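*Asks:* Attaching a predicted model along with its sequence, questions to come.
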Amino acid sequence: MATVLELMDRGDLERLDPQLDPDEQEYRSVFLVREVFTRLPGLLDQMESLLGIEQSPAEQLDEIFYNFTAGQPLAYPREFHEIYWRGEGFWELRTPDVRIFGFFPRKDCFVCTDIADKNLIEKYKLTSQYVEQGKRRRGLLDLDEPKWIESTEPHDVVSDWYRS
């Protein structure tokens, strides 16, 4: 069994560099499973926004990861929300065009098991498949027990969230 940092050292996880400004502190961490990290550039090249907004899906992903790691407040359900509970310790981070699936092994530490195009997810009803695939990937990680925080409440997994 290993910690998140040990899994990173082994190459099972890749730490996301949020590219914060020199005067900013990283309040939360994001790690990506190897499969996501290696295919991310190609995946983002294939995505396009169908909402007519100015930000591309790649820019949206950069922004949500930046806001997450910089400790910006996250919105929890009502209208548009950035964090959504999917069951069994599994969460979804959202932008208008991108869905980010993963879990929290400890508070403010997100392990991303998949990133997907929201338009394809909605068109083909793929949310449950991404969640199940993410749970399988989580199960394959040799992570110390408990592997994830058992909670349905955002305040247990992230600091500074609000209900929209």
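*Replies:* Great, that's in hand. Fair warning: this is a prediction, and the values are worked out from it, not measured in the lab.
*Asks:* Please make it C-alpha for all contacts and neighbour counts, starting now.
*Replies:* Fine.
*Asks:* and Ser159, helix, strand or coil?
*Replies:* At Ser159 the chain is in coil, as set by DSSP: H, G, I helix; E, B strand; the rest coil.
*Asks:* Can you tell me the closest non-neighbouring residue to it?
*Replies:* Once flanking residues are discounted, Ser159 sits nearest to Asp108: 6.6 Å by CA to CA, 6 or more residues apart in numbering.
*Asks:* Check the one you found and give its pLDDT.
*Replies:* Per-residue pLDDT puts Asp108 at 97.
*Asks:* How about the contacts made by it?
*Replies:* Contacts were defined as CA atoms under 8 Å, 6 or more residues apart in numbering; by that measure Asp108 touches Tyr27, Arg28, Ser29, Val157, Val158, Ser159.
*Asks:* Between all of these, which two are separated the most?
*Replies:* Farthest pair in the contacts of Asp108 (CA to CA) is Tyr27 and Val157. Separation: 12.7 Å.
*Asks:* If you count surrounding residues, which of these two has more?
*Replies:* Val157 (23 against 15; other CA atoms under 10 Å).
*Asks:* hey, which helix or strand in this protein has the poorest pLDDT?
*Replies:* Confidence across the helices and strands of the chain bottoms out at strand 74-76, with a mean of 73, counting by mean pLDDT, DSSP states H and E.
*Asks:* before we move on, back to that, now the contacts of Asp108 in CSV, with distance to Leu40 and pLDDT?
*Replies:* Formatted as CSV, the contacts of Asp108 follow (distance: CA to CA, whole Å; pLDDT from 0 to 100):
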residue, distance to Leu40, pLDDT
Tyr27, 23, 96
Arg28, 21, 97
Ser29, 18, 97
Val157, 25, 95
Val158, 24, 93
Ser159, 27, 91
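*Asks:* Between those, which sits nearest Gly11?
*Replies:* Distance to Gly11, by CA to CA, is smallest for Ser29 among the contacts of Asp108, at 16.6 Å.
*Asks:* Pretty sure Pro146 sits in a strand.
*Replies:* No. Assessed with three-state DSSP, Pro146 is coil; it does not lie in a strand.
*Asks:* separation between it and Phe103?
*Replies:* To Phe103, Pro146 is 12 Å away according to CA to CA, to the nearest Å.
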